[in-house]
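K.L.:
prediction below, plus the sequence it came from.
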Amino acid sequence: MANERHDTEHDHPEADTKQLLEKIFSALKKPVHVFLFTQRGKNDTFNDLAQQVLGWFDNITDKIAIESLPLSHKLAKKWKVHHSPTIVFEPDLYNIHWLGAPYGEEGRTFVELMILLGIGKSNLSEDSQNILKKIEESRHIKVFVSPTCPYCPQQAVNAIKAVVAAPDRISLEIIDIQAFPEIADKYEAHSVPQTFAEDILIAMGAQQEELFMLSLDQLSQQSIYIPESEAPEVDTDLVIIGGGPAGLTAGIYASRSGIGSVVLERSILGGQVATTPIVENYPGMSQVGGKSLADIMVSHALQYVQIFQGEEVMDVERNGKFTLTTNRRKFYTRAILLATGAVYRKLNVPGETRLSGRGVSYCSTCDGPLFRGKSVIMVGGGDSAATDALHLKNIGVEVTIAHWLSELEAQHHLKKQLYDNNIPILFNTEVKEIHGDRIVEGVTLLNNKSGEKSTLPVGGVFIAIGYEPSTDLAQKLGVELTPYGYIKVDNYRTSIPGVYAAGDVTGGYNQIVIASGQGSGAALTIFEDLIHPYWKETSKGKSAAEGKAV
């Protein structure tokens with residue numbers, strides 16, 4: 001019948017994923033040997049999950065040889081396996097142990113690990129290899145991860161690449177904080193990703209590849225990496241700085257307009273969207289995970305524009321064209337779009353910086369699972385605070401909201417959900433100090449109406465009090481800012497000809513759809529200006545920006 005529907009395996013996302021992975025794994029040069037060690041009655045939830053995930057991979061490819069063994073097996077002693085579940089990879093060649101199960105975001109790490117082991121190459125950049133060659137002593141790396149953290153795969157893969165490149169000196173443990181909270185507690189790794197080498201903290205958060213290798217070499221947290229050799233050069237019409245909704249959308253519209261463009265992103269693609277638990281107000285999607293939405297945007301943008309992730313602009317000069325020097329290469333461009341977004345605003349109270357990553361967190365998606373069964377306080381009263389509080393409550397965290405005003409600023413439906421979920425709210429309340437020797441143990445609260453101070457014992461402090469614009473590069477360029485510290489724009493043009501701005505860095509409402517709209521608007525403005533530069537006077541004395549693009 002004409003209207004009859006024939007379902008096939010291609011109608012299902014899981015079938016498409018299997019087909020894609022089959023194609024990827026078929027290109028591996030050799031099988032990857034994987035051993036799973038478990039002990040019944042010890043962490044059974046994660047034992048079963050590890051079995052399930054590895055079994056799924058085992059069923060789709062013969063390039064992964066998986067063997068399940070009890071923790072009492074003699075090979076566990078030989079390879080120094082002490083925890084259940086632990087996954088060991090190619091133990092005759094490498095020392096890589098995974099404590100936990102590769103699910104959620106960590107599924108991406110597992111696939112990347114299989115590829116690197118299967119081809120037997122690290123795929124490190126030349127600069128990274130040069131740094132790694134300088135490390136003569138052994139390095140044992142511990143990377144603490146969470147399956148809900150979109151930043152974690154980047155850092156875990158950095159560590160995997162180091163092991164593959166130097167298996168004689170580098171060893172690795174990937175530790176899931178949900179499966180092994182006691183190990184996370186021991187290392188005070190209460191936010192992810194955190195990276196230790198030789199039991200020394202060398203990184204908090206995800207790093208670009210070269211910066212990771214430098215931290216590994218120096219055995220300390222490094223913030224700046226300057227390449228020893230000049231990177232390749234890229235000549236283009238437009239460089240978009242920032243890979244959030246504004247930057248990605250601008251890249252699509254610019255490329256579709258015929259403008260050669262690239263997107264630079266120093267951190268995670270998708271910006272704040274990627275760490276938002278649930279998005280409920282994006283048109284066409286009644287409810288979608290923030291990371292899923294970010295992935296959709298990135299996938300779409302990649303069809304049009306080249307994206308350089310992990311590239312931070314170190315210097316900008318102008319001599320006719322703009323010259324941007326990043327940590328990897330030089331870019332020559334006619335125009336720049338600043339879509340650098342905003343960063344989490346801090347409380348700036350005693351204890352906040354000292355206990356950051358040790359109970360103080362700005363990302364409930366990344367760090368929330370570690371606080372299951374614990375009491376925490378959420379500071380803030382807007383949409384982000386409400387959404388994060390609901391997320392924490394949903395995963396089993398006892399959360400209380402503290403807001404400095406007498407009413408919440410969140411949207412009505414979010415406020416209703418807070419009340420429906422019986423989440424306590426302390427109005428007219430400010431956090432004045434965060435206490436704890438090694439980890440968060442409590443907070444000092446001030447009722448700004450009565451002046452009364454009190455102490456509340458909590459195991460964590462989540463902060464969602466808004467954002468501050470990322471204007472470091474704008475200030476380096478000399479771009480004019482508003483009295484509130486945002487980039488001042490007129491039709492996306494800044495005070496410097498050829499430099500534009502869009503998204504959260506320009507102020508206004510921090511909404512995904514608005515940032516995307518501004519990205520498209522900025523791209524169209526840049527298209528017209530590159531044809532008719534508004535800063536050049538025409539022979540009739542009129543600004544060329546008044547002309548129409550054809």
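P.N.:
It's in.
K.L.:
can you show me the strands along the stretch 1-150 of the chain?
P.N.:
In the stretch 1-150 of the chain, strands defined by DSSP state E, counting those that start in this stretch lie at 32-38, 64-70, 86-89, 96-99, 139-145, listed in chain order.
K.L.:
including mean neighbour count and distance to Val458, could the ones you listed go into TSV?
P.N.:
Using the backbone N, CA and C atoms, a C-beta is placed for each residue, glycine as well. Rendered in TSV, the data for these read as follows (neighbours: other CB atoms under 10 Å; distance: least, CB to CB, whole Å):
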stretch	mean neighbour count	distance to Val458
strand 32-38	22	35
strand 64-70	15	40
strand 86-89	24	32
strand 96-99	25	27
strand 139-145	24	21
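K.L.:
could you redo these as JSON lines and give each row distance to Asp529 and mean pLDDT?
P.N.:
JSON lines is the format used below for those (distance: least, CB to CB, whole Å; pLDDT from 0 to 100):
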{"stretch": "strand 32-38", "distance to Asp529": "52", "mean pLDDT": "97"}
{"stretch": "strand 64-70", "distance to Asp529": "52", "mean pLDDT": "95"}
{"stretch": "strand 86-89", "distance to Asp529": "52", "mean pLDDT": "98"}
{"stretch": "strand 96-99", "distance to Asp529": "51", "mean pLDDT": "98"}
{"stretch": "strand 139-145", "distance to Asp529": "44", "mean pLDDT": "98"}
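K.L.:
go through these and name the closest to Pro350.
P.N.:
Taking CB to CB as the measure, these were each checked against Pro350, and strand 139-145 came out nearest at 26.0 Å.
K.L.:
can you give me the strands for the stretch 451-550 of the chain?
P.N.:
With strands called from DSSP E, counting those that start in this stretch, the stretch 451-550 of the chain shows them at 453-457, 460-463, 467-469, 499-501.
K.L.:
ugh, typo on my part, it should be the stretch 301-450 of the chain
P.N.:
Listed in chain order, the strands found in the stretch 301-450 of the chain under DSSP E, counting those that start in this stretch are 306-309, 313-319, 321-326, 330-338, 342-344, 360-361, 375-379, 398-402, 425-426, 429-435, 442-447.
K.L.:
any chance of the strands of the stretch 1-150 of the chain in a markdown table, plus distance to Ile465?
P.N.:
As requested, these are exported to a markdown table (distance: least, CB to CB, whole Å):
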| stretch | distance to Ile465 |
| --- | --- |
| strand 32-38 | 43 |
| strand 64-70 | 46 |
| strand 86-89 | 40 |
| strand 96-99 | 35 |
| strand 139-145 | 26 |
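K.L.:
do you know which of the ones you listed lies nearest Val360?
P.N.:
Proximity of the strands of the stretch 1-150 of the chain to Val360 was assessed by CB to CB; the nearest stretch is strand 139-145, lying at 15.9 Å.
K.L.:
paired strands for that closest one, with orientation please.
P.N.:
Strand 139-145 sits in its sheet next to strand 170-176 (parallel), strand 194-197 (antiparallel), going by DSSP bridges.
K.L.:
report how many residues lie close to Glu182.
P.N.:
The tally of other residues near Glu182 (other CB atoms under 10 Å) stands at 8.
K.L.:
just the element for it, please.
P.N.:
Secondary structure from DSSP states H and E places Glu182 in helix 181-186.
K.L.:
for Thr61, find the nearest of the strands of the stretch 301-450 of the chain.
P.N.:
Go through those one by one with CB to CB and the one that ends up closest to Thr61 is strand 306-309, at 27.1 Å.
K.L.:
tell me how this structure divides into domains.
P.N.:
Domain assignment for the chain, taken from automatic domain parsing, gives 18-218, 233-343+469-546, 360-465.
K.L.:
so Leu36 is in contact with Gln52, correct?
P.N.:
No - with contact taken as CB atoms under 8 Å, Leu36 and Gln52 are classed as non-touching, separated by 10.9 Å.
K.L.:
who are the neighbours in contact with Leu49?
P.N.:
Applying CB atoms under 8 Å, 6 or more residues apart in numbering, one finds that Leu49 lies in contact with Ala101, Tyr103.
K.L.:
what pLDDT does the model give it?
P.N.:
Looking at Leu49, its pLDDT reads 96.
K.L.:
gap between it and Pro102?
P.N.:
9 Å (CB to CB, to the nearest Å).
K.L.:
low-confidence stretches in the protein?
P.N.:
Low-confidence segments of the chain, defined by pLDDT under 70: 1-15, 224, 226-231, 535-550.
K.L.:
which one's the longest helix in it?
P.N.:
Longest helix of the chain, by residue count under DSSP state H: helix 512-531.
K.L.:
other SSEs contacting it?
P.N.:
Helix 512-531 is packed against strand 233-241, helix 245-256, strand 330-338, strand 499-501, with contacts defined by 3 or more CB pairs under 8 Å, 6 or more residues apart in numbering; DSSP states H and E.
K.L.:
re the thing from before, looking at the domains of the chain, which is nearest to Arg354?
P.N.:
When the domains of the chain are ranked by distance to Arg354, counting by CB to CB, first place goes to domain 360-465 at 8.2 Å.
K.L.:
so how far does the closest one reach from one end to the other?
P.N.:
End-to-end distance of domain 360-465: 13 Å, with CA to CA, to the nearest Å as the criterion.
K.L.:
repeat that for stretch 259-274.
P.N.:
Terminal residues of stretch 259-274 are spaced 27 Å apart (CA to CA).
K.L.:
roughly how far out does it sit from the chain middle?
P.N.:
Its chain's C-alpha centre and that of stretch 259-274 lie 11 Å apart, by CA atoms, centre = their mean, to the nearest Å.
K.L.:
over to stretch 255-271?
P.N.:
Its chain's C-alpha centre and that of stretch 255-271 lie 17 Å apart, by CA atoms, centre = their mean.
K.L.:
quick check: buried residues in that stretch?
P.N.:
Applying a neighbour-count criterion of 16 or more other CB atoms under 10 Å, the buried positions in stretch 255-271 are 255, 257, 259-271.
K.L.:
kindly report the same for stretch 493-507.
P.N.:
493-494, 496, 498-507.
K.L.:
name the nearest residue to Thr249, ignoring sequence neighbours.
P.N.:
On the basis of CB to CB, 6 or more residues apart in numbering, the spatially nearest residue to Thr249 that is not a chain neighbour turns out to be Gly519, at 3.4 Å.
K.L.:
likewise Ile24?
P.N.:
The shortest distance from Ile24 to any residue that is not its chain neighbour, by CB to CB, 6+ apart, is 6.7 Å, and that residue is Ile115.
K.L.:
that neighbour: how many residues sit nearby?
P.N.:
In terms of burial, Ile115 registers 19 neighbours under the definition other CB under 10 Å.
K.L.:
how near is it to Ile131?
P.N.:
In this structure, Ile115 lies at 22 Å from Ile131, with CB to CB as the measure.
K.L.:
is it possible to export the strands paired with strand 139-145 to JSON lines including mean neighbour count and distance to Gly485?
P.N.:
Compiled in JSON lines, the strands paired with strand 139-145 are given as follows (neighbours: other CB under 10 Å; distance: least, CB to CB, whole Å):
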{"stretch": "strand 170-176", "mean neighbour count": "24", "distance to Gly485": "39"}
{"stretch": "strand 194-197", "mean neighbour count": "24", "distance to Gly485": "30"}
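K.L.:
can you lay out those strands as TSV showing distance to Thr444?
P.N.:
Supplementary listing: the strands paired with strand 139-145 in TSV, determined by distance: least, CB to CB, whole Å:
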stretch	distance to Thr444
strand 170-176	33
strand 194-197	27
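K.L.:
quick check: which of those is nearest to Lys393?
P.N.:
With CB to CB as the measure, strand 170-176 is the member of these nearest Lys393 (22.3 Å).
K.L.:
show me what that closest one is in contact with.
P.N.:
46, 94-101, 106, 109, 135, 138-147, 156, 159-160, 162-163, 183-184, 189, 216.
K.L.:
could I get the CA-only coordinates of that strand as CSV?
P.N.:
Only the C-alpha atoms of strand 170-176 are listed here, as CSV (Å, rounded to 0.1, in the frame of the first residue of the first chain):
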residue,chain,number,x,y,z
ILE,A,170,53.5,7.3,30.9
SER,A,171,50.7,5.4,32.6
LEU,A,172,47.1,6.3,33.2
GLU,A,173,44.0,5.8,35.4
ILE,A,174,40.7,7.2,34.3
ILE,A,175,38.5,7.4,37.4
ASP,A,176,34.7,7.8,37.3
